[in-house]
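1. quick one: sequence plus predicted model below, questions after.
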Amino acid sequence: MNKVIEQTTGDFITFQGWSAFNQRVKNLESNDFISEETLCSALGLDYTEYLSIVKKSIDYWRSSPSSSLFHTIGKNGLTLPEEGNTVFESHLMQTRFFMILSKLHLVSHRLLGKIKDENGEFVRIRGEFALTYPTKDSFKHEFVVRKSNEVMQMVYTYFLYCYLIGKKGLKVPSKIYRGIRYRDIWNNPVINQRIPKMDESLTYVEKRKIIIDTIQKYLLEEGLSGLCENNLVSFSASKSIAQYFSNKEGLIVEILTKDAEIMTSEVHDVRWDDSDYVTNKKEREYIVRVTGEKIQVNNVYISDLDYFVATNNPLAVNLFNHDDKQASYELNGVKIIAKYVWSSNTKGSVQYKNMNEDGWQYGSREFLKKFGISPVISNKNLKDIKNFRIDKIR
């Protein structure tokens, strides 16, 4: 069982050795901003190591955002930290930071200190020992503190460079999007306390609809930060990418870039422009800091199959991802049956039958070519859909 421990200076790491760095930042002149290399030189950082830290931070972010070193400045953003202030707001984030340093062979795991509770027992967070600086007045302490803060300064420098690039006038989209999966937030305490009492006679999808309505209302009224575990989160300039990450079981949050604190993105840094090696998609990524003033959510789109099933919404067809149900409807006088069909063990698509004609299954493009009408349901033709129903087929 994970134990909750109070924040104390002894348990939480602090910014140390930043006074000289902070002064160099304040003394920067415009000609120091020409490149990352000149910026590193002006701030007294090793450029080769800086490039390595930035590359690995981007790689880790793309693999699993919570495991990136970028989070070291999530709490403060570009506000220069004061000597002695705590770095993280949770032991979880602090422990992840030290685990990444260890994986990157920057600090040996053996040098790190472990946090103990009031009974002298080691504390575990999500199965891992809660980590901190080693005991003071040891050779290990001085090394780990110095190395940790050097890495944080390099991360700060990267985001400072992106900020300075942004001041030159980059063309960013007016809106960016974030896909959120229902399973990641439905049990969040801030949502739980807002869910109305539900009748036990309601079906699973009816209850799920009520919870999603609650989440949507919260996001529109309170913003996003209360539902985020981390201070830095990913958005995309592509709504379809956000929908991909919602996995057809959640919501898509839309914010205006003019309201957002964008730390870096595809337009700030070409290193974000490559296709993600995990998804093989160009994710058009924007890293946004959600700490501080509330970010106003501009819109929230439902992208959840069960929600649409609960409301008998024809848009459910576009979210079919298994062959356990089918939809029947009429569109412009054509009777259509739509269902998900597997083409392999891992891939499939929605196929359509024209019940006025041969009743064979076709992809949407083949259907359009053969019958002169697209069977795909959209917001544009939603009003033309008649006699829509969803049936389980197994």
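-> The structure has been received and is ready for your questions. Numbering: from 1, shown residues only.
2. which one's the longest helix in this structure?
-> Of all segments of type helix in the chain, defined using DSSP state H, the longest is helix 139-166.
3. with residue 85 as the reference, measure out to the spatially most central residue of the chain.
-> With distances taken as CA atoms, centre = their mean, residue 234 lies nearest the centre of the chain, 4.1 Å away. Distance, residue 234 to residue 85, using CB to CB, to the nearest Å: 26 Å. Quick note: C-beta positions are derived from backbone N, CA and C, even for glycine.
4. one more: residue 122?
-> 26 Å.
5. between the two, which one's more packed in?
-> Relative neighbour count places residue 85 above the other of residue 122 and residue 85, with 14 against 11, counting by other CB atoms under 10 Å.
6. which non-adjacent residue is nearest that one?
-> residue 15 (5.5 Å; CB to CB, 6 or more residues apart in numbering).
7. what does residue 24 give?
-> residue 43 (5.0 Å).
8. so the one you found sits against residue 26, correct?
-> No: counting by CB atoms under 8 Å, residue 43 sits too far from residue 26 to count as a contact (10.9 Å).
9. what about those two, which has more around it?
-> Remark: of residue 43 and residue 26, residue 43 carries more neighbours, 20 against 8, as counted by other CB under 10 Å.
10. residues in contact with that one?
-> The contact partners of residue 43, by CB atoms under 8 Å, 6 or more residues apart in numbering, come to 21, 24, 25, 28, 153, 157.
11. flag whichever of those residues scores worst on pLDDT.
-> In terms of pLDDT, the lowest of the contacts of residue 43 is residue 28, showing 90.
12. what residues does that residue make contact with?
-> By CB under 8 Å, 6+ apart, the neighbours of residue 28 are 39, 42, 43.
13. please apply the same query to residue 302.
-> So residue 302 contacts 212, 216, 251, 308 (CB under 8 Å, 6+ apart).
14. repeat that for residue 368.
-> Taking CB under 8 Å, 6+ apart as the test, what residue 368 contacts is 374, 375.
15. go again using 7 Å as the cut-off
-> residue 374 (CB atoms under 7 Å, 6 or more residues apart in numbering).
16. quick check: closest non-adjacent residue to residue 88.
-> Residue 88 sits nearest to residue 94 (CB to CB, 6+ apart), 4.3 Å away.
17. ok so that neighbour is a strand residue?
-> No: counting by DSSP: H, G, I helix; E, B strand; the rest coil, residue 94 is not part of a strand but helix.
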